[in-house]
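In: Below is the sequence, then the predicted model.
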Amino acid sequence: MSARELLSNAPEVTHEQVWPEPEPLDTAAKLKPWPAGHLLPPELEDYALAFADRLCVDPGPVMLTMLTAVTAVTNGRLWIAPDRDNPTWLEPTALWLAVVMGVSTGKTPILKAALRPAWEIEKELREEHERAMAAHEAELAAWEAAKRSERGPKPKRPIPERLLANDVTREALADLLGNNPGILAYHDELTGLFKTWSREDKAADRAFYLSAYSATPAPIDRVVRGSTFVERPVLSLLGFIQPGPFRERVLEAQNGDSNGADGLLQRFIVVTAQERPWEDERPAITNEERERYHGLVTRIWDTLSNGGEKTLRFDDGAQDLWRKWENQTQRELRNPDHPEAWKALLGKRMGLTARLTAVLAAAWGEYGPVSADTLKRAIALVLWLEPHARRIWHRALSGNDEPVIKLARRLQSGELTRFTTRDVYRRKIAGIVTASEARRVISALAEARWVLPAPRERDAWVVNPRVSEAT
C-alpha cells in the first residue's frame, strides 16, 4: 500500500510508520568552508575575510578574486619551471577566474576592492607617462629645430605601461599585450565575452585568447593596419557570470562539433558560494586591513618591476612532491569511470597547480627555490576548488536544480508543512515565479519523496516530516 493510501485510509497509523525515507537531492559535490589561516598570506586573507563578512557572502569568491588580481603585477614578469627534467615546460602566472554567482551578490564591490591596488599603480604609471611625454615633446621639438645634417634618429614616442584592461576588443588587447609583459582583463559580466567566443565570425578572437592563456605567439590581422605579431602574450581574465549563462557555455563545450570543444572553458577556475543570511550588525572593514592588502600588491610590484623577469624553480622537496602529485593526477586521468568532462578539467590540473604555486610564491615573498610548503598550499587550493568545478559543471549538465535545492531547504527549515502549487509561485517561494516552474520543482521533490500529494485535496502537497534526515 502506498504512503498516500495509508494516510487516507489508516489515520491511526503514525507518520513515522508511513512516511518513506527521502532521497538525497543535491548529488553535486559538497563545498568545503574556506580553510582560514592556511593558504594565503594574512595581508590578503584578513582583508578578504573582513570584506566577505561585511557583504555577508562566502569568503571563497572574495579570496580567489583578490588572488587573481595579484596577477596584474606578476604577469609576464614571473614564470615557473615546474619540472627540472623538462626544461621546455614554463608556465606564466596567468589565471582565468569565473565567479559563478547569482544577481545581487556584491560582485562589483568585490571586484573594485580586489583591483584597487592595481588601479593605484596604474595611476602612478600614467603620471610617469605624462612626464615622459613632456620630455619627449621637448626632445622632439629640439630635433625638428636642428639642421637636417645635425639630426640623429627621430625621438621615439614613449609607450604607456599598463596592467589592466576592461571590455576591450581583441585588437586593442593585442596592442596592450604587445607593449606590456602581461595584462589582467576584468569584466563585471563574462557573458558578453563568452557569447563573442561562440560566434563563428569570431573564431580568430577565440584562438587569440587560447594563445594568450598559454603565452604562445599570436598573429593579429587587421584590415586597415595590416598584420602584427604578439611574441609572448600573457593574459589573466577575471569576471563574474550567473549560473544560467554559464550553463549554456558548458553545454556548448560538450558539443564535439562546436567551437566549445577546444578546452577554452576548462581553462577557467570556477568558484561559487553558498548563500549567507543577511546580518544587521556586521563588522567594519578597517583601514589597516585594506592598507596591508594594498601594501602586499605594491611590494610584489616593486620586486618584479625593478628586477627584470624571474623564473621560479622547485627545491628538492618540492620537486619530489610535484612528481607525486603528477603521478596521482595521471592515474585519475586514466580512470575509465571518470566522465569526459571531468577528464578535460583534470587535464588542466598540473598547469593550474604550477601557476597557483608561482602566484602564491610571490604573495608569500618566496622568490628563491620554491619550497614544498608553497607547493602544498597550491595543491590544497586546487583540491579546495575542485568541488566547485564538480558542482558547477554537474548542475550545468544535469539542468538547473537550484530552485529545487532552495525549496528543499525551506522545507527542511519547517516553514512549510502543507502547500499548494499556486502557493509556491504566487508567493515566489525559492524564487519561483511561474506555474510551470513550480510544477517542475515540486515534481522533482515528489520523485525524491520529499513531498507527497495531500489526501483529498487537489494540487496540494504535504511535506515529509523525515526531510530533516535528508541531505
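Out: That came through, no problem. Numbers count the residues shown, from 1 in each chain.
In: Low-confidence ranges, the stretch 301-450 of the chain, go.
Out: Under the criterion pLDDT under 70, the flagged ranges of the stretch 301-450 of the chain are 395, 397-400.
In: which other residues reach stretch 432-439?
Out: The contact list for stretch 432-439, computed with Cβ atoms under 8 Å, 6 or more residues apart in numbering, reads Pro403, Leu407, Thr421, Arg422, Val424, Tyr425, Val441. Heads up, the C-betas are built off the backbone N, CA and C, glycines and all.
In: Among these, which lie within helices?
Out: Under the assignment DSSP state H, the contacts of stretch 432-439 contribute Pro403, Leu407, Thr421, Arg422, Val424, Tyr425, Val441 to helices.
In: Does Trp364 touch Pro41 like I think?
Out: Yes - between Trp364 and Pro41 a contact is recorded at 5.5 Å, counting by Cβ atoms under 8 Å.
In: And the contacts of stretch 432-439, which two are furthest apart?
Out: Farthest-apart pair in the contacts of stretch 432-439 is Pro403 and Arg422; separation 16.1 Å (Cβ to Cβ).
In: more neighbours, those two?
Out: Pro403 (19 against 12; other Cβ atoms under 10 Å).
In: Distance of Pro42 relative to Arg449?
Out: Distance, Pro42 to Arg449, using Cβ to Cβ, to the nearest Å: 47 Å.
In: out of the two, which sits in the more crowded spot?
Out: Arg449 (17 against 13).
In: Tell me who's in contact with the more buried one.
Out: Pro20, Glu21, Pro22, Glu23, Asn464.
In: Kindly recompute the last result at 7 Å.
Out: When contacts are counted by Cβ atoms under 7 Å, 6 or more residues apart in numbering, Arg449 touches Pro20, Pro22, Glu23, Asn464.
In: biggest strand in this structure, by residue count?
Out: Selection of the longest strand in the chain by residue count, based on DSSP state E, yields strand 235-241.
In: Mind listing the strands that strand pairs with, and their directions?
Out: strand 96-100 (parallel), strand 183-187 (parallel) (DSSP bridges).
In: Pull the number of nearby residues for Gly307.
Out: Neighbours around Gly307, by other Cβ under 10 Å: 10.
In: oh sorry, the question was meant for Thr434
Out: Around Thr434 there are 10 residues (other Cβ under 10 Å).
In: so where's the longest helix in the protein?
Out: helix 107-145.
In: My read is that Leu193 contacts Ala185, right?
Out: No - assessed by Cβ atoms under 7 Å, Leu193 is found out of contact with Ala185, at 8.6 Å.
In: Show me which of those two is the more surrounded one.
Out: More neighbours surround Ala185 than the other of Leu193 and Ala185, with 22 against 16 (other Cβ under 10 Å).
In: Who does that one form a beta bridge with?
Out: Under the criterion used (DSSP bridges), Ala185 bridges to Ala165, Leu237.
In: Okay, strands next: where are they in the stretch 151-300 of the chain?
Out: 164-166, 183-187, 218-222, 226-230, 235-241, 269-271 (DSSP state E, counting those that start in this stretch).
In: who touches Glu279 in this structure?
Out: Applying Cβ under 7 Å, 6+ apart, the residues near Glu279 are Cys56.
In: Angles on the backbone of it, please.
Out: Backbone torsions for Glu279, taken as degrees, to the nearest 10, come to phi -120, psi 130.
In: Quick check: it vs Ile392, distance?
Out: For Glu279, the distance to Ile392 - Cβ to Cβ - is 27 Å.
In: Format the strands of the stretch 151-300 of the chain as CSV; extra columns: mean pLDDT and distance to Leu111.
Out: CSV is the format used below for those (pLDDT from 0 to 100; distance: least, Cβ to Cβ, whole Å):
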stretch, mean pLDDT, distance to Leu111
strand 164-166, 95, 10
strand 183-187, 96, 6
strand 218-222, 71, 27
strand 226-230, 71, 26
strand 235-241, 95, 7
strand 269-271, 94, 14
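In: Deepest-packed of those strands, please.
Out: Greatest average neighbour count among the strands of the stretch 151-300 of the chain goes to strand 235-241 (a mean of 26), per mean count of other Cβ atoms under 10 Å.
In: what's next to that strand, contact-wise?
Out: Against strand 235-241 from outside (Cβ under 7 Å, 6+ apart): 65, 68-69, 71, 75, 94-101, 107, 177, 182-191, 212-213.
In: Just the buried residues of the residues you listed.
Out: Using 16 or more other Cβ atoms under 10 Å as the burial test, these include 65, 68-69, 71, 75, 94-101, 107, 177, 182-187, 190-191, 212-213 as buried.
In: on that earlier part again, among the strands of the stretch 151-300 of the chain, which comes closest to Pro59?
Out: strand 269-271 (10.6 Å).
In: For that closest one, which outside residues touch it?
Out: With Cβ under 7 Å, 6+ apart, strand 269-271 has contacts from 60-61, 64, 95-100, 352, 385, 388-389, 392.
In: so Arg466 touches Trp19, yeah?
Out: Yes - counting by Cβ under 7 Å, Arg466 touches Trp19, with 5.2 Å between them.
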